[in-house]
Every structure is written in C-alpha cells, then in structure tokens.
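[1] based on what follows, work out the 3D shape:
(chains A and B)
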2 protein chains.
Amino acid sequence: MPTVVAVDAMGSDRAPKPEVEGAILACRHHGVQILLVGREPEIREELKREIEKHPTVRNLPIDVIHATEVIGMSEKAATAVRSKRDSSMRVGLRLVREGRAAGFVTAGNTGAAMATAKMVLGALPGVDRPALAAVFPTSAGKAAILLDVGANVDCKAHNLEQFAVMGEIYSRSIFGTHRPRVGLLSIGEEEGKGNDLTREAYGLLRQLPLNFAGNVEGRDLYNGTVDVIVCDGFIGNVALKVSEGLVSTVRFLLKESLKSTISSQVGFLLSRRAFEDFKKRLDYAEYGGAPLLGIKGVCIVGHGSSNSNALKNAIRVAAQFAETKINDKIEKGLSSHHPRRETVPTQPLGAGSAPL
Amino acid sequence: MPTVVAVDAMGSDRAPKPEVEGAILACRHHGVQILLVGREPEIREELKREIEKHPTVRNLPIDVIHATEVIGMSEKAATAVRSKRDSSMRVGLRLVREGRAAGFVTAGNTGAAMATAKMVLGALPGVDRPALAAVFPTSAGKAAILLDVGANVDCKAHNLEQFAVMGEIYSRSIFGTHRPRVGLLSIGEEEGKGNDLTREAYGLLRQLPLNFAGNVEGRDLYNGTVDVIVCDGFIGNVALKVSEGLVSTVRFLLKESLKSTISSQVGFLLSRRAFEDFKKRLDYAEYGGAPLLGIKGVCIVGHGSSNSNALKNAIRVAAQFAETKINDKIEKGLSSHHPRRETVPTQPLGAGSAPL
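    The predicted structure is shown next:
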C-alpha cells in the first residue's frame, strides 16, 4: 500500500503548476499516492496539460479533492483560518485527521498552515507548543535544523526542552543522523551565559537522554557543529530572516565585485553561472521544507517560491515522516523523558503563540 | 588644538603593529593627537621600526603611556576587569575620565572593554544600560546600525527606547543621515506582532520625536530600509553572529561553485580577487568599529582582526564622536524625551547586564 500524501494544490506563488508537477515527480520517484487539494477545474486543467505532454501521467495514483477557497499569502492567518472553512489547507488537513492521507504538504501562507494544522489536528500528548523547524545546509555538507522558527514567542524553558526532543528525533529519522548533537542557541558557550530563558533551559536540556552539546552561538548555525539547534520562536524567526536578507545582500555585493573583476560581459556570465550553482547548494528546497513538529499528524510547509522539485522533496519528507512514525517516537520520547510534565499545567492549544 | 585619542596598543590579534600604524595614519589624515597605551618597550620598538622606514613619523603627535598588564581575547571579562588594575584598557579609559583624552579606541576583548568602560566612566545621566552598536553596510550602499549587540539581555521596553534615542543621534552625527529611520526588530511588520517586549517598546518608540519606522524584520537589517535598528542585546548578538557565520559559509560554498564553473586555476584566481574586493565592501572596519553608547565618554571597540586601516577609522570615529558632542546630545535627548524617566527607578550600573 503506497503512502498517501495530501498536497495543497493552491499554495505556492505559481500554483497549481509546481504542485501538479511535484506530485507527478513524487509518484514516479517515491512511489507515493497523491491527493491534490484545491479548486478542481484549475487542477484538472493543469493535469490535462501534463497528460498531453506525457500520456503515462494518466496512470499515476493522483486524485483531486475539491476545495472552494484559497488562503492568500498576504492574508492574516488568524482571520483566514476562521473565515475560510473550505480552504485547500483546511480540507487537506482534514484528510489527515480522517486518516485518508498520512501527511499534508503546502507551500502556502506559513502562519495559516501552522494555525490550521494546530486547530484541525491538535497537539500530540505531552507537547505544549508545536514548533516549526527550519532545515538548512551547513558548510560541513549535512543539514541542520533550527526550531522554533514558527514564532512561539516568549517561550518557557520546558518549551525549549520539548523542542530539543522533537528536533533530535526528526534529525535521526529524516536525515539518519547518528546521535544528533543538540545545541541551545545562546550568546556565549559557557553554561552561565545567555539570558534567563537559556540559563533555565540549559539545566533541563542537560538532563535529557540525548547528545546535548551545550550552548551554541549564532555563528554555529551554519558550520555544522551541531545538528539540532533550539531557541525561542522570536529568536529563531529573526535568525532565519536575517540569514535570508544577508544572502540577498551578499549575492548583490558579490555580483558587483565579480562584474568589476574582469571584463563586465565575462564577469556577468560567470557570476550568473556560479550563482545558479550556488543557489542550488543553498536551496533549502532540497531538504524538503519545514516540518511542523508536535502535532497529531504530518504537516510540511514549503516556501512560497517552491518549484516542482521542492514540492517533490516535501512530499517525500511527508511520506518518510509518516512511515518512520516520528510522532510515535516524539510521544514516547516526551512521556519517558518527562514524568514530571503531567504536573505542569498545559497551555490551551495555541494560546501562547504569536498573533499569526 | 587637535583632539586627543587614547588607543589601546595591546588590543588586536597582532598588536601593537596595527595600532601603531593606525595611529600614524590617523595623525596624518585626520589631524588627531594619539596616546598609545600599553607596554612601553613593545610600543617604542614598533614606533622605531616605523621611524626607520619613514623618518617624518618622529614629528607626529604620538605619545606612549605605559600600562603593565594586557587583557587577553579569551579572558573572562568580569575576572580580568577586577584583577588587572593596570591593564591597557583600564589605563586608557582613565585618560578619558581625567580629560587627558577625548576618546578611547580598542580592538581587544569586547566584553572586557564594555565592562571596563562602564566601571571607569559610568553611564550618562538618563541611561539605564549603555549599549554596543554594530555598524554594517547595506545593499543600499549606506551604513546601518544595530543596537544592542553587547549583550544587555532581558531588556525592558524603556531600555529599547533609550537605545533608539542614542542610535538615532549616532546615525545623524557620524553618518550625517538626515532624519534617520529607526526600526524595532520584530517578527512581523504590523504593530501587534512580536513578543511582549517589542509590543510594549512599540508603544514607547511611537511617542518619541524621531522618525520611527515601526517593526522591521530580520531581512531588513541589510537592505537599507532603516538606518537604526533596536533590539534586546541577546537578539542583537545572535543576529550579528548568525551573520558572521553565514558570510563564512556563503564564501566557502560560493568559492567551491566558482572553482567548478571554469577551469579550476582560473576560477581560483578569479574568486580570490572577487573575494578580496567583496571583503572590503563588507568589512565593517571601513565604518570604524562599534561605539559603546550611553557612557560618560567615548569608547570605540574594533574587531580583534583589525588592521591599520580599521584602527585609523576607529580613531577618526572616536574623534568625531567627541567633536560632535554626541554625549551632550544623548543626555539632552533623553531628558527632553523622557520627563517621566525620573519616576522610573534606574538600575544600578551594569546590574542587569549579561555575565561578560
């Protein structure tokens, strides 16, 4: 029985084209079954175009599930989630809740995806706040993950502790990392360094049965020193967006430098080629999008600019997430590591998260 | 009367060479007078070498002030500051307190420099926590400043308010920015976005008589949208170090890409040249180091890897800081903007700052 993945066909900036193409690629390369969720006529139109090009597409296990509404990229998540009860996100996540799909993939509005997933699927037992994990390449060649980047602001130490457990399991299950090194993002390596939150979290993380590497600094995000980095969602979100901004600036400045180095024509061509290659290396699409960890189900969020390859990889990760039973491991991990958790009053779902 | 700047001759990784050379350049180009502070024999030796090369160096207004001790880069700031009472930093900052120098420049241990400056000079009236400001280039071509990056952790909203006033005055005085745009680093642009701290700070910043641009996101650090960005020192420090780490990684990955693009030899030469140019553009040395804002005096902290040019620029900035009377403006700015400040209990100096 192939694993069934529901895909938000209306999510990305150029939807539904990359979604339909990504679904086809995933069926071919990863043996999954796909439910494309969204406005049926648009999706069928796109599928028809693909079948005209490659008639064998007709035989792939791809079905369409109609959803009348679409949540836009710039819509306020909280409002959209409440008002659009028949959005492709909501319908897709319901398929997961009902067991008709093992996981859901969207390249749409991140805030709306998180809010809808929390609402439709709920949090796993033992998880106070689900976390969005960013996956990125390091200079050591392997992928690292940073969580939370989904804006669980004003976190408590036990939130960070749960992030560590969830991130470690993800790194093991998806990247096959042996005993992933888990770091706490702080502003100095010694135990006493940091702020009130990190000092308290340090004490909790040290007691976990995982490979805790202590505090790590911002510069360690990309050097492969650790495999999993935990932090408050405000910090993680800033770190991620600073990185995005800096990459754009560096590209701009370096392109200028390259152009001036030799004759402008050659420099331009050369820099373009180098940047295409470079972009591919840095592209987090290769790593399959950002998983939302700690919900009862599987939800992978891709970038709005995702292409078919990014969607194919996100679908692969969603299937792998379900097949390797990451959620069972998280639930088990949290219950065995935290016998005391039961005495901690759990927050109502989403109560502490940022306005999305 | 030339402005006198005291320079920590023992600060940088290759001290005292860059310091002595930087002092010579600053005397020649900026008409300042220099007091080189540190181990006199070593400094004299370096000066002698310079005089042998250029006999006119003998006529420059450079004096040496002996200090027996040196604080190392990896020393714990708190311990070093307490135990080394005759360090080049302490002696140099005393020259400022006694009015013998208008400002102090060091490329040494940042934590120790901040702690010593706070201890020797004290905070300006109205300043609860002095802040270290990072200066960096943006793709818009102008410099932006981010504060605090000096690890005032667990800041209160009124700390961020003071950072805004100080940063705005610095941008006007040193970069000549007309009505600098001041942003609050957060994780969404709308007013309600962010965490408890930024939401409270937003309300305070909005009332200041300056060009408040509202919330800015991490990606706006380097795009020139705003001239001054304020945040808690934990966030600022993470943002700065993430940037450093990412630039290294990008350089590494891009170099690899460039090498593979064309014949390896040409690619290597070309990438080396491009990177030298690129490094210069990105080099914050050009902007003269990081000022410590809010102390009774002038203290500019450079990178440990500072070369003579970076030190020359830091000396120029220190002189300009004193000449444009930034501290008078800060004091006036804080007293006129904050009539209510007097009713707020001020923190004892340094009490709330991070363990250095």
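[2] how many neighbours does A:R100 have?
    Other residues lying near A:R100 total 12 when counted by other CB atoms under 10 Å in any protein chain shown. Just so you know, the C-beta spots here come from the backbone N, C-alpha and C atoms, and that holds for glycine as well.
[3] need the per-residue pLDDT for it.
    The predicted structure scores A:R100 at 98 on the pLDDT scale.
[4] low pLDDT regions in chain A?
    Residue ranges of chain A with pLDDT under 70: A:254-255, A:257-287, A:337-356.
[5] host element of A:G214?
    Taking DSSP states H and E as the criterion, A:G214 maps to strand A:211-216.
[6] the following helix or strand past that strand vs chain B: in contact?
    Proceeding C-terminally, strand A:211-216 gives way to strand A:228-230 as the next helix or strand, assigned by DSSP H and E. No: contact of strand A:228-230 with chain B is not found when judged by CB under 8 Å from any CB of the partner chain; the minimum separation is 10.5 Å.
[7] now tell me what touches strand A:228-230 from outside.
    Contact with strand A:228-230 is made by A:144-148, A:160, A:163-164, A:167-168, A:170-171, A:180-185, A:201, A:205, A:216, A:220-221, as judged by CB atoms under 8 Å, 6 or more residues apart in numbering or on different chains.
[8] which residues does A:K53 contact?
    Here A:K53 is in contact with no residues (criterion: CB under 8 Å, 6+ apart).
[9] would you map the helices across the stretch 251-356 of chain A?
    Chain-ordered helices for the stretch 251-356 of chain A, with DSSP state H, counting those that start in this stretch as the definition, fall at A:264-282, A:308-323, A:326-337.
[10] what does the stretch 101-250 of chain A put close to chain B?
    A:137-139, A:151, A:153-154, A:185, A:187-188, A:192-196, A:217-223, A:231, A:233-235, A:237-250.
[11] repeat the analysis, applying 7 Å as the threshold.
    Counting by CB under 7 Å from any CB of the partner chain, the positions of the stretch 101-250 of chain A adjacent to chain B are A:138-139, A:151, A:153-154, A:185, A:187, A:192-193, A:195-196, A:217-223, A:234-235, A:237-247, A:249-250.
[12] next step: these restricted to strands.
    A:L185 (DSSP state E).
[13] re earlier: so which of the contacts of strand A:228-230 sit within helices?
    Secondary structure assignment (DSSP state H) places A:160, A:163-164, A:167-168, A:170-171, A:201, A:205 from the contacts of strand A:228-230 within helices.
[14] out of the residues you listed, the closest to A:P291 would be?
    Ranking the ones in helices among the contacts of strand A:228-230 by separation from A:P291, with CB to CB as the measure, puts A:Y170 on top at 6.3 Å.
[15] which one of the ones in helices among the contacts of strand A:228-230 is nearest A:A107?
    When the ones in helices among the contacts of strand A:228-230 are compared for distance to A:A107 (CB to CB), A:Y170 comes out closest, at 19.6 Å.
[16] contacting residues for that closest one?
    Shown in contact with A:Y170 (CB atoms under 7 Å, 6 or more residues apart in numbering or on different chains): A:133, A:145, A:291, A:293, A:326.
[17] count of residues packed around the residue nearest to A:A131 when sequence neighbours are not counted?
    With sequence-adjacent residues excluded and distances taken as CB to CB, 6 or more residues apart in numbering or on different chains, A:A131 is closest to A:D148, at 3.8 Å. Close neighbours of A:D148, defined as other CB under 10 Å, add up to 32.
[18] give the contact list for A:D148.
    A:D148 neighbours (CB under 7 Å, 6+ apart): A:131-132, A:163, A:233, A:236.
[19] looking at these, state which has the most neighbours.
    Highest neighbour count within the contacts of A:D148: A:F163, with 33 neighbours (other CB under 10 Å).
[20] quick check: closest non-adjacent residue to it.
    Nearest one to A:F163, counting by CB to CB, 6+ apart, is A:V230 at 4.3 Å.
[21] burial check on that neighbour, number of neighbours?
    When neighbours are counted by other CB under 10 Å, A:V230 registers 32.
[22] cool, A:G192 as well?
    Residue neighbour count, defined by other CB under 10 Å, stands at 12 for A:G192.
[23] cool, and A:V96?
    Here the number of neighbours of A:V96 (other CB under 10 Å) works out to 26.
[24] residues in contact with the residue nearest to it when sequence neighbours are not counted?
    Beyond its immediate neighbours in the sequence, the residue positioned closest to A:V96 (CB to CB, 6+ apart) is A:G297, lying 4.3 Å away. For A:G297, the contact set (CB under 7 Å, 6+ apart) comprises A:96-97, A:121.
[25] I'd like those as a markdown table, with distance to B:I71 appended.
    Compiled in a markdown table, the contacts of A:G297 are given as follows (distance: CB to CB, whole Å):
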| residue | distance to B:I71 |
| --- | --- |
| A:V96 | 58 |
| A:R97 | 60 |
| A:L121 | 55 |
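[26] can you flag which of those residues belong to helices?
    Helix and strand membership here follows DSSP H; of these, those in helices are A:96-97, A:121.
[27] from those residues, which is closest to B:S88?
    The shortest gap between B:S88 and any of the ones in helices among the contacts of A:G297 belongs to A:L121, at 60.5 Å (CB to CB).
[28] looks like that closest one contacts A:G92 (just checking).
    No: in this structure, A:L121 sits apart from A:G92 without contact. The criterion is CB atoms under 7 Å, and the distance is 11.0 Å.
[29] please say which of these two ends up with more neighbours.
    Neighbour comparison, A:L121 and A:G92: the larger count goes to A:G92, with 33 against 20 (by other CB under 10 Å).
[30] got the contact list for that one?
    Residues A:6, A:8, A:37, A:104, A:106 are the ones in contact with A:G92 under the rule CB under 7 Å, 6+ apart.
[31] ok, of the residues you listed, which come out buried?
    Those of the contacts of A:G92 that meet the buried threshold are A:6, A:8, A:37, A:104, A:106, by 16 or more other CB atoms under 10 Å in any protein chain shown.
[32] give the closest residue to the second one in space, chain neighbours not counted.
    Across the structure, with CB to CB, 6+ apart as the measure, the residue nearest A:D8 apart from its sequence neighbours is A:T106 (3.6 Å).
[33] tell me what the one you found is bridged to.
    According to DSSP bridges, the residues that bridge with A:T106 are A:V301.
[34] give me the beta-bridge partners of the residue nearest to A:F163?
    Residues found in beta-bridge contact with A:V230 (criterion: DSSP bridges) are A:L147, A:L184.
[35] just the helices from the stretch 51-200 of chain A, written as ranges.
    When assigned using DSSP H, counting those that start in this stretch, the helices of the stretch 51-200 of chain A occupy the ranges A:77-83, A:88-97, A:110-121, A:157-175, A:196-206.
[36] send me the third one as PDB with only the CA atoms.
    Output in PDB follows, covering the C-alpha atoms of helix A:110-121 (Å, rounded to 0.1, in the frame of the first residue of the first chain):
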ATOM      1  CA  THR A 110       3.100  29.600   6.700                       C
ATOM      2  CA  GLY A 111       1.200  31.300   9.500                       C
ATOM      3  CA  ALA A 112      -2.200  30.000   8.200                       C
ATOM      4  CA  ALA A 113      -0.700  26.500   7.700                       C
ATOM      5  CA  MET A 114       0.500  26.400  11.300                       C
ATOM      6  CA  ALA A 115      -2.700  27.700  12.800                       C
ATOM      7  CA  THR A 116      -4.900  25.400  10.700                       C
ATOM      8  CA  ALA A 117      -2.800  22.400  11.500                       C
ATOM      9  CA  LYS A 118      -2.900  23.100  15.200                       C
ATOM     10  CA  MET A 119      -6.700  23.600  15.000                       C
ATOM     11  CA  VAL A 120      -7.600  20.700  12.800                       C
ATOM     12  CA  LEU A 121      -5.100  18.100  14.100                       C
END
